[in-house]
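> Predicted model follows, preceded by the sequence.
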Amino acid sequence: MKKRRKLATKKEIEAIKKLFLEHYPDSVTELNYKSLYELLVAVMLSAQCTDKRVNIITPALFEKYPTVEALSKANVDDVKELIKSCSFFNNKAKNMVAMAKMVMEEFGGEIPLDRDKLVKLPGVGQKTANVVMIEYAQAEYMAVDTHVFRVAHRLGLSNATTPKATEEDLVRKFKTDLPKLHQAMVLFGRYICKAIKPECDKCFLTEYCRTTDNFKPR
Ligand code: SF4
């Protein structure tokens, strides 16, 4: 059995938090969007797909389906064709159209800005709902993607094996500034604390780093 790493102390957690907030004071998502509808669709597309790829796909998608109503009437095969360069495009196309239909039928055409309601939409799990709430409403939620998971483990902020339990650890330990910390951890993981060959020479957290091992959520 693998030895568990020593977790960060309270003092270290405070120092890590402070450094993240200093280095990423105003970070926002790298997904391009102009409305809640566009953000929700972009976040749904971004599961297992890079933000860069999503930003290439969405202009044509939003030109053809500029509103949730237009998407609710879309032919799933047409949506598939527009998003086919994205991973899991078959399921994503089905879910996006089903999501739009449910918004029209059960939410009067308005995407609910409420996590408990968002997760009722097809294809919208807790992580997607949290990211939408963090980005659009600056809600005090944490969302754990592959970057946040790896960074949290390398810094000894969590030893949990699932994204959900890691999210709970981060919420409990950071307590405040969760939207900013979420964006900071995503960007730090994407550009510095990379999965393979992290750029440790550019890192401002070396003294808190437990390991350069890679970690993947279950
Ligand atoms: S020292 Fe390297 S592995 Fe550790 S947190 Fe910094 S970038 Fe990541």
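Here it is on my side, so go on.

> going forward, measure contacts and count neighbours with C-alpha atoms only.
Fine.

> What residues sit buried inside stretch 74-85?
Across stretch 74-85, burial judged by 16 or more other CA atoms under 10 Å covers 74, 76, 79-80, 82-83.

> Enumerate every residue touching residue 179.
134-135, 138-142 (CA atoms under 8 Å, 6 or more residues apart in numbering).

> Show only the entries of the residues you listed found in helices.
Among the contacts of residue 179, DSSP state H puts 134-135 in helices.

> neighbours of residue 24, just the number please.
When neighbours are counted by other CA atoms under 10 Å, residue 24 registers 17.

> wait, doesn't it sit right on residue 184?
Yes. Using CA atoms under 8 Å, residue 24 makes contact with residue 184 at a distance of 5.4 Å.

> pLDDT score for residue 5?
Residue 5 is assigned a pLDDT of 70 by the prediction.

> related to what we said a few turns ago, will you turn the buried residues of stretch 74-85 into JSON lines that also has secondary structure, pLDDT and distance to the ligand?
Shown next, in JSON lines, are the buried residues of stretch 74-85 (DSSP: H, G, I helix; E, B strand; the rest coil; pLDDT from 0 to 100; distance: CA to the nearest ligand atom, whole Å):
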{"residue": "74", "secondary structure": "coil", "pLDDT": "98", "distance to the ligand": "43"}
{"residue": "76", "secondary structure": "helix", "pLDDT": "98", "distance to the ligand": "41"}
{"residue": "79", "secondary structure": "helix", "pLDDT": "98", "distance to the ligand": "38"}
{"residue": "80", "secondary structure": "helix", "pLDDT": "98", "distance to the ligand": "37"}
{"residue": "82", "secondary structure": "helix", "pLDDT": "98", "distance to the ligand": "36"}
{"residue": "83", "secondary structure": "helix", "pLDDT": "98", "distance to the ligand": "33"}
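
> thinking again about what came up before, which among the contacts of residue 179 count as buried?
For the contacts of residue 179, buried by 16+ other CA under 10 Å: 134-135, 139-142.
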